[in-house]
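Chemist: Following is a predicted model, sequence given first.
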Amino acid sequence: MSLDRVKELRRHIGPDARGIEIGPYHQAITPRKEGFRSIYLDLFDENDLRARAAEDPLLSDKDVANIETVDLIGSANDIGELVTARFRDEKFDYVVSSHNIEHLPNPLKFLQGCQQILKPGGVISFAIPDRRYCFDFYRARTEVAEWLDAYIEDRKEPTRGQLFQWVASASNVDGNPTWDSSSTSFPVPWALLASARQYWDGTVTMEYLDAHCWVFTPSSFRLMIEDLRALGFHAFDVESVSQTQGCEFFVHLRHAPGTEPFPVAEAGGESYADRRSRTMRAMVLEDAEVALQFASAPPLAPPADESSGSAPPQAVQRRWARIRAFLAARRP
C-alpha cells in the first residue's frame, strides 16, 4: 500500500507538539501557516533561500513565497549546539528530516544532538532516498565503520573522496535521476568522470560543496541505527522502517533513554546477534530485488576484452541468461 509521504512524516506529531524541521525550503512538512509549532533549521537564512529559489527555473513565485523564516542557521550536524544556544534546556517532541541525513558529514553527531534536545519518547522522522532507485544506484551501501570514522574525525564537510564518488557514480534512467521498482531499464551513468576529478582536486569551489555522503537501503539503514544503539552511541529505538515508496523510504526513531536496547525474553527470545543476522540477510534480499527487477531487461554486454578489443564471448552472454533465469524463478 502506497504511503502519503507528508502524512507519514507527520505520523508522530500531535496537535500540541513542538519540534524542529531541518531544511524545509519551499516544501515544509510542518508549515507554521498550518498551525505547526515548528522551528526551522537551515544552512542559509530565508533571504538567501528566497534569492536562490527565485533563480531556479523549476520553482514558481508561489514556491518562493512558501519559504518561511529560518530560526536556526547552521548545519544539522550541530543541531544539539544550535538548539541549546537558542532555547537552553527546552526539550522538544520531534525532529523532521526529509532527504537530509545522507548529506550530513557526521550523522552520528546529529543523532547525539537530537538525543540532547528531544524529550524521552520524542521522535525523529526521516525520509531517505533508497540508493537502488536514484542516481546513487552504482554506489556501495554505507557501512557502520564509515559513520564511526566520520565521528572520530569530527567531520564538518564531505571528504574529497565522497565528492568524487557522488559525481563519478551518478546515474539516470531515461534522463531522470530517480525512478521506482516498476522500471526495467538499467540505470546509465552520466559522463561525469572528469567533473568528479575536479571536485576531488579542489578545482570546483563553492561556499559549501554538497554531496550524498552516504547511501542506504531500508535494511542497511536499520542495521546502522541498531548497531550503533547496541554499541551505546545513541539512545534511539527503531520505531518503524517502511518499504520503499517510489525512490524513498521512511524511518521513525524514538528517544528511549535509560532503557535496555534489545531485551531478550526469558525463554526462546531473539538475541541481538540473531536480530542482526536477520537484518543482514534482508539487505542481501533487497539487492536481489533489483536483480529481479531487471530480469526482463535486454541482456547487458560486459565491456569488450581490453587486451584484444574483441566482443565478449558467447559464454558470457549464456552465463548472464542463466543468472536471469535463476533469479526470475525465485521471484516472489
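Modeler: Thanks, I have it.
Chemist: Could you measure from the closest residue to residue 245 other than its chain neighbours over to residue 190?
Modeler: Sequence neighbours aside, residue 3 is the residue nearest to residue 245 in space, at 5.2 Å (criterion: CB to CB, 6 or more residues apart in numbering). In short, each C-beta sits where N, CA and C put it, glycine included. According to CB to CB, to the nearest Å, residue 3 and residue 190 sit 30 Å apart.
Chemist: Show me which residues of the longest helix along the chain are buried.
Modeler: Across the chain, the longest stretch assigned as helix under DSSP state H is helix 272-293. Across helix 272-293, burial judged by 16 or more other CB atoms under 10 Å covers 275-276, 279, 282-283, 286, 290, 292-293.
Chemist: One more: stretch 29-41?
Modeler: 29-30, 36, 38-41.
Chemist: What degree of burial does residue 11 show, as a neighbour count?
Modeler: Per other CB atoms under 10 Å, the neighbour tally for residue 11 reads 16.
Chemist: okay, it: pLDDT?
Modeler: pLDDT for residue 11: 96.
Chemist: Checking my notes, it in a strand, right?
Modeler: No: looking at residue 11 with DSSP: H, G, I helix; E, B strand; the rest coil, it is coil, so not inside a strand.
Chemist: and it, what does it touch?
Modeler: Residues in contact with residue 11 (CB atoms under 8 Å, 6 or more residues apart in numbering) are 125, 252.
Chemist: Of all pairs in the buried residues of stretch 29-41, which one is the farthest apart?
Modeler: Greatest spatial distance among the buried residues of stretch 29-41 (CB to CB): 36 and 41, at 14.3 Å.
Chemist: show me what contacts the residue nearest to residue 138 when sequence neighbours are not counted?
Modeler: Computed as CB to CB, 6+ apart, the closest residue to residue 138 that is not its neighbour in sequence is residue 169, at 4.6 Å. Residue 169 is in contact with 135-139, 189, counting by CB under 8 Å, 6+ apart.
Chemist: Now flag whichever of those residues is closest to residue 98.
Modeler: residue 136 (16.6 Å).
Chemist: Need phi/psi at the closest residue in space to the closest one that isn't next to it in sequence.
Modeler: Spatial nearest neighbour of residue 136, chain neighbours left out: residue 215 (4.4 Å); criterion: CB to CB, 6+ apart. When read as degrees, to the nearest 10, the backbone of residue 215 gives phi -140, psi 150.
Chemist: and residue 215, how many neighbours?
Modeler: For residue 215, the neighbour count with other CB under 10 Å is 25.
Chemist: Can you classify residue 212 as helix, strand or coil?
Modeler: Here residue 212 is coil, with the state taken from three-state DSSP.
Chemist: ugh, typo on my part, it should be residue 126
Modeler: Assignment for residue 126 (three-state DSSP): strand.
Chemist: Quick check: chain neighbours aside, which residue is closest to it?
Modeler: Using CB to CB, 6+ apart, the nearest residue to residue 126 is residue 251, at 4.3 Å.
Chemist: Report the separation between the one you found and residue 279.
Modeler: Counting by CB to CB - residue 251 and residue 279 are separated by 13 Å.
Chemist: shared neighbours, those two?
Modeler: Taking CB under 8 Å, 6+ apart as the criterion, residue 251 and residue 279 both touch residue 222.
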